[in-house]
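> got a predicted structure here, sequence first:
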Amino acid sequence: MRTLRDINDLRSTLRAHRMRGQRIGLVPTMGNLHKGHLALVARARQHADIVVASLFVNPMQFGPGEDLDAYPRTFETDQTQLTDAGCDILFAPTVSALYPNGLDTQTRVHVPKVGEGLCGAARPGHFDGVSTVVSMLFHLVQPDIACFGEKDYQQLAVIRKLVSDLHMPIEIIGVPIVRADDGLALSSRNGYLSQQERTTAPMLYRTLCELRDALERGESTAEVLQRGASLLTGAGFTPDYLELRDETLAPVTPATRNAVLLAAATLGPARLIDNLSVQLPNATSSH
Ligand code: PAF
C-alpha cells in the first residue's frame with residue numbers, strides 16, 4: 001500500500017490507474033480504524049480495482065467544545081490494518097493541504113433538509129463539514145464507487161443527496177453496521193467509555209431491538225418511543241434523540257412500511273449513535 005500526503009501525488013497516481021481503465025473505490029475515514037472500517041474496505045474491494053482509503057480528522061465537522069483534540073489518532077496501526085485489508089492507496093493529507101486558507105473563508109457544501117434534525121440539530125454545522133470534506137475527496141479521487149457505514153445513517157443520507165444533487169457520477173454503497181458480540185455498534189468513540197460504561201453501552205442496541213419488536217407488533221409509536229427513552233435514561237444514558245423515520249429520513253406516514261429507528265445518547269464522555277430498520281405492519285390507528 002502506498003501512503004500519499006500530497007494532492008498532486010494522489011492525482012498523478014490515480015490518473016495512471018484511470019488511464020488503464022481501472023475502477024477506483026474510495027473509503028473515507030477519520031482513522032482509529034476498527035472492523036467496521038475494514039468491512040468498508042472489503043466491500044470497496046468487491047467493486048473496484050484500486051481501493052483508496054482516506055484518513056483525515058476533519059476539523060470542519062467538529063463543533064466548539066467537541067472532541068477534535070481528543071479524537072484518537074493511531075496512524076501507524078491504521079496503516080498496518082489497511083495494508084492487511086488489501087487497500088492500495090492511503091491518502092492522508094494534512095489540515096493545511098486540504099484547507100490552505102483556514103476554515104473561516106473556506107467554501108462549504110450545505111445539504112438542506114436531510115442534514116437537519118437528528119444529529120444535525122445536536123451538532124450544528126456538522127453535516128456541512130462532512131459534506132464539504134467528502135465533496136473535496138470526491139473531486140480529488142474521482143472514485144467510481146464510495147463506501148460509507150450505515151451506522152452514520154444520516155451522514156449516508158446526506159452524502160447520497162449531495163451526490164444526486166451535484167450530478168456526481170459516483171455510486172454510494174452503504175455497508176451494514178458491524179457490532180461487537182454484545183451488540184454495541186463499533187465506533188471510534190467507544191474507546192472513550194470506562195469499563196463500567198462499556199458494560200452498559202450495549203443497552204442502546206438492546207433497547208432499539210426491543211422497540212423494533214414492539215413497533216413491528218403494531219404498538220403505538222409514541223408509547224414505544226417514550227418507553228425507549230425511559231429505558232435509556234434508567235440505564236444511565238442521556239438520550240439526545242430517539243426517533244422513527246422512513247428510510248429517507250422523512251417523517252413516517254400511515255403508508256410507511258420500511259422505517260428506521262434512530263438513536264443518539266450520551267454515556268459518560270461518549271455520544272453513541274445507532275439505528276435499526278423496522279418493518280411497520282399495515283396501517284392502524286397507532287401510526
Ligand atoms: O464517517 C466519518 O468517519 C467521517 O464523517 C467522514 C465520512 C470520513 C468525513 O470526514
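In hand now; what should we look at?

> can you list the residues of this structure near the ligand?
28-30, 58, 61, 130, 133-134, 152, 155 (Cβ under 6 Å from any ligand atom). Every C-beta, even on glycine, is put in place using the N, C-alpha and C of the backbone.

> swap in 8 Å and give it another go.
By Cβ under 8 Å from any ligand atom, the part of the chain that sits against the ligand consists of 28-30, 54, 56-58, 61, 129-130, 133-134, 137, 148-149, 152, 155, 159, 188.

> does Phe237 touch Ala270 like I think?
No. Taking contacts as Cβ atoms under 8 Å, Phe237 lies outside contact range of Ala270: 10.1 Å.

> higher neighbour count, the two?
Shown here are Phe237 and Ala270; by other Cβ atoms under 10 Å, Phe237 has more neighbours (24 against 18).

> residue contacts, the more buried one?
200, 203-204, 265-267, 272 (Cβ atoms under 8 Å, 6 or more residues apart in numbering).

> what do you get for His17?
His17 is in contact with 24, 49-50, counting by Cβ under 8 Å, 6+ apart.

> hmm, which of those are the buried ones?
Those of the contacts of His17 that meet the buried threshold are 24, 50, by 16 or more other Cβ atoms under 10 Å.

> which one of the contacts of His17 sits closest to the ligand?
Ile24 (16.8 Å; Cβ to the nearest ligand atom).

> how about Val260, secondary structure?
strand (DSSP: H, G, I helix; E, B strand; the rest coil).

> just checking, it touches Asp246?
Yes. Between Val260 and Asp246 there is a contact at 7.5 Å, judged by Cβ under 8 Å.

> more neighbours, these two?
A count of neighbours by other Cβ under 10 Å puts Val260 above the other of Val260 and Asp246, at 21 against 16.

> need the contact list for that one.
Neighbours of Val260 in contact, by Cβ under 8 Å, 6+ apart: 153, 244-247, 249, 275-278.

> all helices for this protein, in order.
Residue ranges of the helices in the chain, as given by DSSP state H, are 7-19, 35-47, 75-84, 95-98, 118-122, 126-141, 153-165, 195-200, 203-216, 221-235.
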